[in-house]
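In: need a structure here:
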Amino acid sequence: MFPPQQLNDARAYAIACALLEGFDRHYRLFRESSAAAKQRFERADWHGQQRAQRERIEFYDKRVDEAVERLQREFSAHELPMDVWHQIKLHYIGLLTNHLQPELAETFFNSVTTKILHRSYFNNNFIFVRPAISTEYLENDEPASQPTFRAYYPTKDSLRETLHRIVTNYQLQRDFDDLDRDVDNVLQAVHAQFGSFRWRANFQIQVLSSLFFRNKGAYIVGKIINGFRETPFALPILHNSRGLYIDAVLFGEEDMQMLFSFARAYFMVDMEIPAAYVQFLRSLMPRKPRWEIYNALGLHKQGKNIFYRDFLYHLRHSSDRFRIAPGIKGMVMLVFDLPSFPYVFKVIKDFFPPQKETTREQIKAKYLLVKQHDRVGRMADTMEYSNVAFPRSRFDEDLIAELRHYCPSLLEDDGEHLVIKHLYIERRMIPLNIYLQEAAPEQMAHAVIEYGNAIKDLVAANIFPGDMLWKNFGVTRNGKVVFYDYDEIEYITDCNFRRVPPPRHEEDELSGEPWYSVGPKDVFPETFEPFLLGDPRVREVFMQHHADLLDPAFWQGHKERILAGHVHDVFPYDVSKRFGRQRRVKAVPAAEPLPV
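Out: As a prediction, this is how the structure comes out:
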């Protein structure tokens, strides 16, 4: 710990100001992109929305690199003594006193300084291991500022009028197909949800002030308060050929958990005070950790920062040991876990078996693709870290031996810590192959149906999983099947789906090698069957619900539609919740085709 000292180096204040300027530029661009999502939604510019979501993910690293370059150029930052860095942090804290995104600015400070300082200085004297500025009750005091949420106080007689006003207050610049019909649908759903309830004096509806945009939908997010009862809700707004319509009402924490799932793309939402949005959303989903909500809002660096703090806290309050993760070992990734912690750690191996023609950089590119892509509820989000120091005493010796054998280039061992130079952290799920072995018949049938649905959702999002074996999919807490092994994924539009040519003669049939040419991007769906359907029970369910996955025509048809510019609808809620009459209306075409 540094002793108390004077802030006597002029460079320290200038550097702190430069760092905050770098962050402010980042968040200004982040907000501009998020705010523009409203115009893209109004124009039905789905491809533009997809591009903006991808590009926004890259904003943060670009601004960090710019800040590092400026500090090196103007201040020779890598040569500064440690007491100056300590002063820089203290000045920075002072600059954040009245800032509206202080927690994000602290994370930005960490990102820049850790690129300059040696990891031995990654402690609370030099970076924000713990937050320094509170975000509790943070609001903008400016009279013209937008509040985090709006509160409405309807009476029994004015509830319909209030629902109408809630929707129109967002001022979407596209007409609704029939808003009166939609409000009636919502009102009917509210009465069905609450039944005959006593109207309490404090009855109110609170909705967040900005819409949430993702894929082809916009969402109103809020809660209904009646006495001591608070009910979360969301209204998805979609397009048809005649205008906008409200597709459903989602009620309760479970529906909100699905909407904000870790397996879905990040929302675009314009937030002046993100901590206030997170606080509101946690009141709707108290079981969802803050870091995961920050992720869902597109602030994934902040999510990573909070997750890592939670991880360090868990380490201090647990005593079990890291081990090789249960299940079939992968050829590309070495996977380990801590039994008491519901996540797995994945490290790219230094070498692969001959059948895996890939490189570390190619694998990292696949994981980046998933980060930037629409995950449609079927691909687990991953967090990428560098130079993670683990307490060596918490590692099984078998795991240390595996790391030394498969990943020596990524490992540093100083006797006290094991430092892994690059890894991914991902939510732990039950591998589907293990789940099927232990499942009751009805659970097995549900999982097989879910597996096929997962593949079809990925196909709709232009993703070919590559290796479709059961072991590469996991089962979540609520029984959803999610893909999590990304080293062989490809865009559907980059694949060539072919039918196996008939054998030319008997020797072809008896040969262990294909009698036909196979290109690097060729896929033969008929060949999936021997690897997937060895169990007769699994085969029966699969063929009843998903036999089309073995037909090249299914895959080729989707490829052609995607190449023609079609963007599939993805519903982060059960179709049974949809109001129904809109399903038969033809969707509005995309604004322009996406370059392939």
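
In: Next up, the contacts around Phe483.
Out: By Cβ atoms under 8 Å, 6 or more residues apart in numbering, the contact set of Phe483 is Arg378, Met379, Ala380, Ala454, Leu458, Pro465, Asn472, Phe473. In this view, the C-beta of every residue, glycine as well, is placed from N, C-alpha and C.

In: before we move on, what about Pro232?
Out: Gly222, Lys223, Phe251, Gly252, Glu253, Asp255, Met256, Leu284, Met285.

In: ok, 6 Å please
Out: When contacts are counted by Cβ atoms under 6 Å, 6 or more residues apart in numbering, Pro232 touches Lys223, Met256, Leu284.

In: How about Phe109?
Out: Leu19, Tyr92.

In: Okay, and which of the contacts of Phe483 map to helices?
Out: Counting by DSSP state H, those place Ala454, Leu458 in helices.

In: mind putting the contacts of Phe483 in a markdown table, distance to Arg130 included?
Out: Output for the contacts of Phe483, formatted as a markdown table (distance: Cβ to Cβ, whole Å):
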| residue | distance to Arg130 |
| --- | --- |
| Arg378 | 36 |
| Met379 | 32 |
| Ala380 | 28 |
| Ala454 | 39 |
| Leu458 | 40 |
| Pro465 | 40 |
| Asn472 | 38 |
| Phe473 | 38 |
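
In: which among the contacts of Pro232 gets closest to Gly519?
Out: Met256 (45.0 Å; Cβ to Cβ).

In: Ramachandran coordinates for Phe528?
Out: With angles defined as degrees, to the nearest 10, Phe528 sits at phi -70, psi -30.

In: List the residue ranges of the stretch 151-300 of the chain that fall below the pLDDT cut-off.
Out: Residue ranges of the stretch 151-300 of the chain with pLDDT under 70: 196-197.

In: And the strands in it?
Out: 204-208, 212-214, 217-226, 229-240, 243-246, 250-251 (DSSP state E, counting those that start in this stretch).

In: Ok, which of those strands comes nearest Cys495?
Out: strand 212-214 (25.9 Å).

In: returning to what we had before: so which of the strands of the stretch 151-300 of the chain is nearest Leu117?
Out: strand 212-214 (36.8 Å).

In: Now the phi/psi pair for the nearest residue to Asp381 once chain neighbours are set aside, please.
Out: The shortest distance from Asp381 to any non-neighbouring residue, by Cβ to Cβ, 6 or more residues apart in numbering, is to Phe262 (4.8 Å). Main-chain torsions, Phe262, degrees, to the nearest 10: phi -70, psi -10.

In: what does the one 3 residues further on give?
Out: Listed backbone geometry of Ala265 is phi -70, psi 160, with angles given as degrees, to the nearest 10.

In: if I read this right, Val376 contacts Phe571, doesn't it?
Out: No. Judged on Cβ atoms under 6 Å, Val376 makes no contact with Phe571 at a distance of 9.7 Å.

In: Now do the strands in the stretch 1-150 of the chain.
Out: Counting by DSSP E, counting those that start in this stretch, the strands of the stretch 1-150 of the chain are 149-152.

In: In a helix, Leu369, correct?
Out: Yes. Judged by DSSP: H, G, I helix; E, B strand; the rest coil, Leu369 forms part of a helix.

In: Poorly predicted segments of the stretch 1-150 of the chain, please.
Out: In the stretch 1-150 of the chain, residues with pLDDT under 70: 1-5, 119-124, 143-144.

In: Which of the contacts of Pro232 ranks first by neighbour count?
Out: Greatest neighbour count in these, by other Cβ atoms under 10 Å, goes to Leu284: 24 neighbours.

In: So that residue is in contact with Met256, correct?
Out: Yes. Counting by Cβ under 6 Å, Leu284 touches Met256, with 5.1 Å between them.

In: quick revisit: columns distance to Ala189 on top of the strands of the stretch 151-300 of the chain, output as JSON lines?
Out: As requested, these are exported to JSON lines (distance: least, Cβ to Cβ, whole Å):
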{"stretch": "strand 204-208", "distance to Ala189": "14"}
{"stretch": "strand 212-214", "distance to Ala189": "19"}
{"stretch": "strand 217-226", "distance to Ala189": "11"}
{"stretch": "strand 229-240", "distance to Ala189": "9"}
{"stretch": "strand 243-246", "distance to Ala189": "10"}
{"stretch": "strand 250-251", "distance to Ala189": "8"}
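
In: Okay, Arg316 and Glu416: tell me how far apart.
Out: 16 Å (Cβ to Cβ, to the nearest Å).

In: quick one, helices of the stretch 1-150 of the chain?
Out: 10-42, 46-75, 82-95, 102-113 (DSSP state H, counting those that start in this stretch).

In: Please identify the deepest-packed of those helices.
Out: Across the helices of the stretch 1-150 of the chain, averaging neighbours per residue (mean count of other Cβ atoms under 10 Å) puts helix 102-113 on top, at a mean of 24.

In: For that helix, output the C-alpha coordinates as CSV.
Out: Extracted C-alpha coordinates of helix 102-113, given in CSV (Å, rounded to 0.1, in the frame of the first residue of the first chain):
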residue,chain,number,x,y,z
PRO,A,102,-18.4,6.0,-13.5
GLU,A,103,-18.3,2.2,-13.3
LEU,A,104,-17.8,2.0,-17.1
ALA,A,105,-15.1,4.7,-16.9
GLU,A,106,-13.3,2.7,-14.2
THR,A,107,-13.3,-0.3,-16.4
PHE,A,108,-11.9,1.7,-19.3
PHE,A,109,-9.1,2.9,-17.0
ASN,A,110,-8.3,-0.7,-16.2
SER,A,111,-8.3,-1.7,-19.9
VAL,A,112,-5.9,1.0,-20.9
THR,A,113,-3.5,0.8,-17.9
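
In: Run the angle between it and helix 46-75 for me.
Out: 60 degrees (axes from the mean of the first three to the mean of the last three Cα atoms, to 10 degrees).

In: what's the angle between helix 102-113 and helix 82-95?
Out: 160 degrees.

In: No further queries at this time; thank you.
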